[in-house]
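A.B. asks: Could you work out the structure for the sequence below:
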Amino acid sequence: MAEMSHECLVETQFGARANAYAESSVHAKGDDLSALTQMAQDYPHGRVLDLGCGGGHVSFHAATHVREVVAYDLSSDMLGVVAELARRRQIENLRTQKGCVEKLPFGDQTFDLVLSRYSAHHWRDLGAGLREAGRVLKCGGRAGFVDVISPGPALLDSFLQTLELLRDPSHVRDYSRAEWEMALASSGFECERTQRFRVSLKFAEWIERMRTPPIQAQAIRALQQAISSDIRDYFEIAPDGSFTIDVVLFVTRKQELPTASSG
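C.D. replies: Now for the predicted structure:
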């Protein structure tokens, strides 16, 4: 088997599925997407960075309210789909940029707002990605991060991570709320508020969107049928394999640098 870096694996996994994510109803709507869009409305003259833009849904919604949006992603194919959809929708203040989150090709304090949705659980290094987001964000600027989160307890956490990895080998980790809050604080972000959502996933669509091989899809179904009632009840696992996950929005602000005192 040929060796492949994590970044190449992510690009391989999502490049061939770019259109599926652009058309995904789970990604194209949701209260969390509305909340990120509302954040953008506060920056009519601002520059916005959409980290791990995927199918471009955050970028498209934000672009109607701000001066400029940079849709940033590791997948060239995904960015091609975003650029084409922006052209069709006559969105002229959106541009795409390729790269990884751990090393952003932007200058310090370049953006007024950083947004990211359903991307961080694929990052090689959450802390490095957050520190880079803070670096390119203006002092006092805001950032909104949305992602699937781990429920926390090991019993539930192990089940969730196993499902995610079986479906998509580029999965790194769904972090808990506590892990997120610690990572944000150590990266220079002050958490203003959080908002929790329960998101239902239809099993067949969830599997098809990632084109999970049948043997891995079967392993997921076998695991769902073998686990305890505690896990089954928490994730609301239905007879067809559909289930519910926790998603959290972290609304943050980059901490102001301390002002030197005069003596």
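A.B. asks: Look up how far residue 61 lies from the residue nearest to residue 138 when sequence neighbours are not counted.
C.D. replies: What sits nearest to residue 138 in space, not counting adjacent residues and going by CB to CB, 6 or more residues apart in numbering, is residue 109, at 4.5 Å. Placement of C-beta: from N, CA and C, glycine included. Relative to residue 61, residue 109 is positioned 24 Å away (criterion: CB to CB, to the nearest Å).
A.B. asks: neighbour count winner among those two?
C.D. replies: The residue with the greater number of neighbours, taking residue 109 and residue 61 and applying other CB atoms under 10 Å, is residue 61; the counts read 21 against 15.
A.B. asks: in what helix or strand does the more buried one lie?
C.D. replies: Under the assignment given by DSSP states H and E, the secondary-structure element containing residue 61 is helix 57-63.
A.B. asks: would you list every one of the strands in this protein?
C.D. replies: In the chain, the strands defined using DSSP state E lie at 47-51, 68-73, 94-98, 111-117, 137-148, 189-201, 243-254.
A.B. asks: give me the low-pLDDT residue ranges for the protein?
C.D. replies: Low-confidence regions of the chain, defined by pLDDT under 70, span residues 1-29, 257-263.
A.B. asks: quick one: the helices in it?
C.D. replies: Secondary structure of the chain by DSSP state H: the helices cover 6-15, 18-23, 25-28, 31-40, 57-63, 76-88, 126-136, 154-167, 177-186, 203-210, 214-226, 229-234.
A.B. asks: Pick the most buried one from these.
C.D. replies: Mean neighbours per residue, mean count of other CB atoms under 10 Å, is largest over these for helix 57-63, with a mean of 25.
A.B. asks: Show me how far that one is from its chain's centre.
C.D. replies: In this view, helix 57-63 has its centroid 14 Å away from the chain centroid, taken as CA atoms, centre = their mean, to the nearest Å.
A.B. asks: cool, stretch 85-101 as well?
C.D. replies: Average the C-alpha atoms of stretch 85-101, do the same for its chain, and the two points are 17 Å apart (CA atoms, centre = their mean).
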